[in-house]
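Participant: with the sequence up front, the predicted model follows.
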Amino acid sequence: MNKMIIYSSKYGTTEKYAKELGTKKKIPVYSNQEIPDTLLQTDEIIFIGAIYMGKISGFEKFAKKYYSLASKLTVISVGMYNPKRKSNYKDIEKSVKASLQKANFLLEDIFYLQGRLDLEQLRFKDKILVNALYKGSKKKSTSELNENEMDIIEAYESSSELDLSELDSILEKI
Ligand SMILES: Cc1cc2nc3c(=O)[nH]c(=O)nc-3n(C[C@H](O)[C@H](O)[C@H](O)COP(=O)(O)O)c2cc1C
């Protein structure tokens with residue numbers, strides 16, 4: 001069965017996950033900006049995309065463009081909010097299914113990975129938004145913070161590298 005990984009990434013986190021997955025599983029990897037025609041003959045597509053404003057970037061467009069394909073599809077999201085929290089993954093699942101409503105893909109699975117914020121790289125508008133979210137959260141006392149606000153503070157203040165071992169549980173299933 002031939003497979004292909006398509007990634008959508010603005011600042012590189014998702015691209016790193018996609019390339020690691022591709023190397024480990026020996027699957028070709030392409031950006032969603034450069035999808036080759038061979039996609040049309042691919043049995044199984046793995047779409048891995050970063051979440052921006054609650055949606056997997058580029059996924060809706062991808063699903064619309066290739067709606068007639070009946071290949072198997074696995075979707076992996078990468079976001080700063082804790083992907084293990086039910087409210088977060090339920091929202092993403094809903095948005096993925098909404099995008100696939102008119103598509104023929106056979107959705108196999110959806111996985112969720114922890115992303116990270118690279119503050120130095122952020123472009124102007126994104127920086128303003130992230131700074132506003134962070135400052136708004138920091139003004140609150142710990143007991144007033146909701147879980148996503150805690151995640152924003154954690155992502156903003158963390159300087160740790162991306163943990164590629166997050167992929168381990170997915171590697172077994174792809
Ligand atoms: C402007 C902006 C909006 C974001 N919105 C969300 C969001 O709604 N949910 C989430 O989990 N992460 C959100 N993130 C975090 C990104 O998904 C995270 O930084 C991810 O690792 C970025 O991947 P990339 O480097 O491949 O673009 C946002 C980040 C930025 C800069």
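Facilitator: Happy to help now that I have it. It should be emphasised that the depicted structure is a prediction, and the values quoted were computed from it without experimental measurement. Numbers count the residues shown, from 1 in each chain.
Participant: quote the end-to-end distance of stretch 90-106.
Facilitator: 19 Å (C-alpha to C-alpha, to the nearest Å).
Participant: nope, stretch 114-124 is what I meant
Facilitator: 23 Å.
Participant: next, the buried residues of stretch 79-98.
Facilitator: G79, M80, Y81, N82, P83, N88, Y89, D91, I92, S95, V96 (16 or more other C-beta atoms under 10 Å). Every C-beta, even on glycine, is put in place using the N, C-alpha and C of the backbone.
Participant: up against the ligand, what does the chain have?
Facilitator: 9-15, 50-54, 78-81, 115-117, 122, 126, 129-130 (C-beta under 6 Å from any ligand atom).
Participant: buried ones among those residues?
Facilitator: Buried among these by 16+ other C-beta under 10 Å: 9-11, 13-15, 50-51, 78-81, 115-117, 122, 130.
Participant: correct me if wrong: L40 contacts L69.
Facilitator: Yes. Using C-beta atoms under 8 Å, L40 is in contact with L69, at 6.9 Å.
Participant: would you list every one of the strands in the chain?
Facilitator: Remark: strands assigned in the chain by DSSP state E are 3-8, 29-31, 44-52, 55-56, 72-79, 106-114.
Participant: which residue packs closest to K84, ignoring adjacent ones?
Facilitator: Y112 (7.4 Å; C-beta to C-beta, 6 or more residues apart in numbering).
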